[in-house]
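Student: Sequence below, structure please.
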Amino acid sequence: MKQTQTHIHLVSALFVVLLGFIWPLHAEQKPKPLGLNTVCIDPGHGGKDPGCISPNRKYCEKDIVLSIGLELREKIRKAYPDVKVVMTRSDDRFIELAERAAIANRNDAKLFISIHVNSLDIRRKGARSVSGFSVHTLGQSSVKNRDLFRANMELCKRENSVILLEEDYSTTYQGFDPNDPESFIFFNLMQNANLQHSLMFAEDVDVELAKGPIKNNKGMSQNPFLVLWKTKMPSVLVETGFITNEQDCRQLTSRSGQKEIAEGIYRAFVKFKKRYDSSLNLDSNASVGKMAPSVESDKNEANEETLSEKSPYYGIQVLVSSKKMSEADPFFRGYGNKAVLVGKVYKYVVCPDKSLENVMKIRKEMSRLFPDSFVVKVNGNSIERVR
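Tutor: Got it, this is the predicted structure:
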């Protein structure tokens, strides 16, 4: 009898111990929040790669951008506890460019922010007088007839040259040589599926950093940066200022300057997140939309007889933008679009059809062309996600 009671006590104790392991795991399994739930911050360079160095040799890019990145992380964490903030590095270590993108991809980040510091060869006449911040995305130049491979070539070569510190970089980067201008041609074939969203966030950063300590705005551009090439989400590279300029360097290396720069990027993040979440109908104000006037309404009169904007229809939402875009815009790859105005942004829907079944049949094909797309239902003045 005594042995039986002892056995019962042991089983009970074991059950309590097991419950102690299982219950916390169960309790912590909260539903993953929708919307922009993960952001990856990438402080450039690190470890054996110092990046740009100030003329007096006192300051390194790797230290400046790490400080800004960590400050940005804390601001996002404090304001958005449900947002997961991933750092490609949170200390002084060397991370390969391909691994930086891989970190963001593995964590299913919805936004990638790479932070850098610019410089010029101080032996060049007037180099020390050049100052200002700039924001970059991957892709074709946004300026008509601009030579993608000449514009910012020195900047691209410098930022990409870090791969020379990696082992077997020619295999990892498919033979890319940062010292060979011809190697940049392969970027012509790389179309960032998230380009429009990247440009939207870049514009936000451009506007907000202009309010910060470094006033000279060198603008936005699209350039072939390897660190942006393999990311699967909207991505930008921010050059926060010139370490070779005395005024810029003073702000970049001061704690107050770093905080202000991080604050600017954070404000841009807030604006972008609101638009991003609104596109998924997570904002209560986003559930009601208004059909925007069609740019080519005369051409669509015949179609209106079979698909009225006043009757419910389904489609695939592929883009949210603050800009009104033509149905013939190359972004839509010949599929045209229906533009639904929600607040201050347009939601663009392709392949509209009264039949949900018909839309679902082409969903897979559309997801290949537009990775962030999803099926929606448009009903008069409302638009909602279906799946």
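Student: Show me the strands in the stretch 1-150 of the chain, by range?
Tutor: Taking DSSP state E, counting those that start in this stretch, the strands of the stretch 1-150 of the chain run over residues 38-43, 84-87, 111-118, 133-137.
Student: Now render those as JSON lines, adding distance to R93.
Tutor: Every C-beta, even on glycine, is put in place using the N, C-alpha and C of the backbone. As requested, the strands of the stretch 1-150 of the chain are exported to JSON lines (distance: least, C-beta to C-beta, whole Å):
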{"stretch": "strand 38-43", "distance to R93": "10"}
{"stretch": "strand 84-87", "distance to R93": "11"}
{"stretch": "strand 111-118", "distance to R93": "16"}
{"stretch": "strand 133-137", "distance to R93": "24"}
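Student: Verify the contact between L111 and T231 for me.
Tutor: No - the criterion here is C-beta atoms under 8 Å, and L111 misses it with T231 at 9.6 Å.
Student: Could you dump the strands of the stretch 1-150 of the chain into TSV with mean pLDDT and mean neighbour count added?
Tutor: Putting the strands of the stretch 1-150 of the chain into TSV (pLDDT from 0 to 100; neighbours: other C-beta atoms under 10 Å) gives the following:
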stretch	mean pLDDT	mean neighbour count
strand 38-43	97	26
strand 84-87	98	18
strand 111-118	95	26
strand 133-137	90	26
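Student: which one of those strands lies closest to I95?
Tutor: strand 38-43 (8.4 Å; C-beta to C-beta).
Student: which residues sit against that closest one?
Tutor: The contact list for strand 38-43 (C-beta atoms under 8 Å, 6 or more residues apart in numbering) reads 62, 65-66, 68-70, 72-73, 76, 83-89, 100, 103-104, 107-115, 227, 233, 269.
Student: run the last query once more with 6 Å
Tutor: Contacting residues not belonging to strand 38-43 are listed as 65-66, 69, 72-73, 84-89, 100, 104, 107-115 [C-beta atoms under 6 Å, 6 or more residues apart in numbering].
Student: Take it, keep the C-alpha atoms, and write them as CSV.
Tutor: These are the backbone C-alpha positions of strand 38-43, laid out as CSV (Å, rounded to 0.1, in the frame of the first residue of the first chain):
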residue,chain,number,x,y,z
THR,A,38,8.6,42.1,-38.5
VAL,A,39,11.2,44.6,-39.6
CYS,A,40,14.9,43.9,-40.2
ILE,A,41,17.5,46.6,-39.4
ASP,A,42,20.9,46.2,-41.0
PRO,A,43,23.7,48.3,-39.7
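Student: Could you figure out how far it is turned away from strand 111-118?
Tutor: Here the directions of strand 38-43 and strand 111-118 differ by 10 degrees (axes from the mean of the first three to the mean of the last three C-alpha atoms, to 10 degrees).
Student: H197 contacts S235, doesn't it?
Tutor: No - using C-beta atoms under 6 Å, H197 is not in contact with S235, being 9.2 Å away.
Student: Compare the two (neighbour count), which wins?
Tutor: Each of H197 and S235 has its neighbours counted (other C-beta atoms under 10 Å); S235 has more, 30 against 25.
Student: N245: which of the strands of the stretch 1-150 of the chain is closest?
Tutor: Closest of those to N245 is strand 111-118, at 8.9 Å (criterion: C-beta to C-beta).
Student: all helices for the stretch 201-350 of the chain, in order.
Tutor: Listed in chain order, the helices found in the stretch 201-350 of the chain under DSSP state H, counting those that start in this stretch are 226-229, 246-253, 255-279, 301-304.
Student: For the nearest residue to D329 once chain neighbours are set aside, list the residues it contacts.
Tutor: In space, D329 comes closest to N337 once its chain neighbours are excluded; the distance is 7.9 Å by C-beta to C-beta, 6 or more residues apart in numbering. The neighbours of N337, taking C-beta under 6 Å, 6+ apart as the test, are E327, Y348, V350.
Student: For PyMOL, write the selection for the buried entries among these.
Tutor: Buried residues among the contacts of N337 (16 or more other C-beta atoms under 10 Å), as a PyMOL selection:
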select buried, resi 327+348+350
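Student: Just send the contacts of N337 back as JSON lines, with pLDDT and distance to Q222 too.
Tutor: Formatted as JSON lines, those follow (pLDDT from 0 to 100; distance: C-beta to C-beta, whole Å):
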{"residue": "E327", "pLDDT": "78", "distance to Q222": "23"}
{"residue": "Y348", "pLDDT": "84", "distance to Q222": "20"}
{"residue": "V350", "pLDDT": "89", "distance to Q222": "23"}
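Student: Tell me the one among the contacts of N337 nearest to S54.
Tutor: Y348 (45.2 Å).
Student: give me every residue that touches that closest one.
Tutor: Each residue near Y348 by C-beta under 6 Å, 6+ apart is listed here: V318, L319, N337, A339.
Student: with these in mind, which one is nearest to A210?
Tutor: L319 (25.5 Å).
Student: Could you measure from that closest one over to S114?
Tutor: Distance from L319 to S114, counting by C-beta to C-beta, to the nearest Å: 23 Å.
Student: residues of stretch 59-71 that come out buried?
Tutor: So stretch 59-71, judged by 16+ other C-beta under 10 Å, has buried residues 59-71.
Student: what stretches of the stretch 1-150 of the chain score poorly on pLDDT?
Tutor: Counting by pLDDT under 70, the ranges of the stretch 1-150 of the chain that qualify are 1-34, 139-150.
Student: do that again at 90, thanks
Tutor: The model of the stretch 1-150 of the chain has pLDDT under 90 over residues 1-35, 96-102, 105, 108, 121-127, 136-150.
Student: Next, format the buried residues of stretch 59-71 as CSV and append distance to V378.
Tutor: Output for these, formatted as CSV (distance: C-beta to C-beta, whole Å):
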residue, distance to V378
Y59, 54
C60, 52
E61, 48
K62, 49
D63, 50
I64, 47
V65, 43
L66, 46
S67, 46
I68, 42
G69, 40
L70, 43
E71, 42
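Student: any idea of the pLDDT on the closest residue to Y80 other than its chain neighbours?
Tutor: Excluding its sequence neighbours, the residue lying closest to Y80 (C-beta to C-beta, 6+ apart) is K273, at 7.5 Å. On pLDDT, K273 comes in at 92.
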